[in-house]
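1. With the input below, show me the fold.
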Amino acid sequence: MDYLKPAGLAEALDVLYENRYGRCLAYAGGTDVIPRLKARLIKPPEVLVDLKGIRELNFISCDDHFGLRIGALATISSVIANASVGEKYPALFEGARSIASIHIQNRGTLVGNICNAFPSADSAPALLCLGAKVVCLSKTGERTIDLDQFFLGPNTTSLGPGEIVKELQVPPVAVGTRGAYVKLSPRSRMDLAVVGVAAVVREEKGAFAVARIGLGAVAPTPMRSVRAEERLRGEGINEKTILEAARLAAEESRPIDDHRATATYRRMMVDVLVKRAIHQALGS
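-> Residues are numbered from 1 along each chain as shown. Next up, the predicted model:
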């Protein structure tokens, strides 16, 4: 295959457009793409496009008007180290911190974790709860997609030919919004999630003013548990309501049997981890 490392965004978009019909593969950190190429798990492209030299894509910004913006080349480590992420988006902070090893975090990107479209992606449940959007860019223009519309299936996204992700956008959060991410895996951060759960909540007058639940590794794509959220929203904060929401989330999940866990076990763990994530988000 040919290897290209564009020096700027315009050059990269030209290359991707010229080779847009399945002939090229773009990558950033390479922590997933390169091992899969070596193992022959994916077909080698005619052109491998290395995006790491594009400075315009390496940024993290956060303010009260635009919220959080994470460029395509921002490493997982840089997201974890960003003070605004830890302060305002704790569920995302915890999800990013649980991705693989420190070595992978130093090289891999958060956008790459999303673009891989693994059902078990640790950052995805929190980003779904936070209403994240994906900004996609090609030579012909730019478009913004809600994250829940970006995932089409395992390892499949709505990216078009010649298109890359420019950045993730996460809306500002209201004062008092809190969150948590909890993960079940054999070796904690070193393994893929058997089940991953994010909770984002905001309390007003003893009730759930905001309640969002994100699930990973229990469906073909990361998903929101709409039924659990509806059960919580507007209800008083008590153990009975939380238990019922956790049960609904388990029922709504669509796990499979595989070498890491059975579907039955995963549903049981959704029940357990949803309760745990809500309590952790509430600080109780």
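2. ok, residues contacting stretch 109-118?
-> 27-29, 31-32, 70-76, 79, 96, 99, 121-124, 127, 134, 147, 150-157, 159, 165, 167-168, 192, 221 (Cβ atoms under 8 Å, 6 or more residues apart in numbering). C-beta: built from backbone N, CA, C; applies to glycine.
3. From S158, how far off is F150?
-> According to Cβ to Cβ, to the nearest Å, F150 stands 5 Å off from S158.
4. no wait, K133
-> From K133 to S158 the distance is 12 Å (Cβ to Cβ).
5. Okay, helices next: where are they in the stretch 51-200 of the chain?
-> Per DSSP state H, counting those that start in this stretch, the stretch 51-200 of the chain carries helices over the ranges 76-81, 83-88, 90-97, 102-107, 110-115, 124-129, 147-150.
6. nearest to P44, of those helices?
-> Between P44 and those, the tightest spacing by Cβ to Cβ is seen for helix 110-115, at 18.4 Å.
7. what distance separates that closest one from the centre of its chain?
-> With Cα atoms, centre = their mean, to the nearest Å as the basis, helix 110-115 stands 7 Å off its chain's centre.
8. Make residue 1 into 51 and carry on from there
-> Okay, residue one is now 51; in that scheme the one you just asked about reads as helix 160-165.
9. can you give me the mean pLDDT across that helix?
-> Averaging pLDDT along helix 160-165 gives 97.
10. Convert that helix to CSV, retaining C-alpha atoms only.
-> Only the C-alpha atoms of helix 160-165 are listed here, as CSV (Å, rounded to 0.1, in the frame of the first residue of the first chain):
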residue,chain,number,x,y,z
LEU,A,160,-10.9,10.1,21.7
VAL,A,161,-12.4,10.6,18.2
GLY,A,162,-10.7,7.4,17.2
ASN,A,163,-12.5,5.6,20.0
ILE,A,164,-15.8,6.8,18.6
CYS,A,165,-14.9,6.1,14.9
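11. Give me the domain ranges for this structure.
-> 52-100, 105-220, 227-332 (automatic domain parsing).
12. From start to finish, how long is the last one in a straight line?
-> Same thing as domain 227-332. End-to-end distance of domain 227-332 (Cα to Cα, to the nearest Å): 9 Å.
13. Without its sequence neighbours, what residue ends up closest to G80?
-> Leaving aside its chain neighbours, G80 sits nearest to R157 (7.2 Å; criterion: Cβ to Cβ, 6 or more residues apart in numbering).
14. ditto for V223
-> Nearest residue to V223, sequence neighbours excluded (Cβ to Cβ, 6+ apart): K138, at 5.6 Å.
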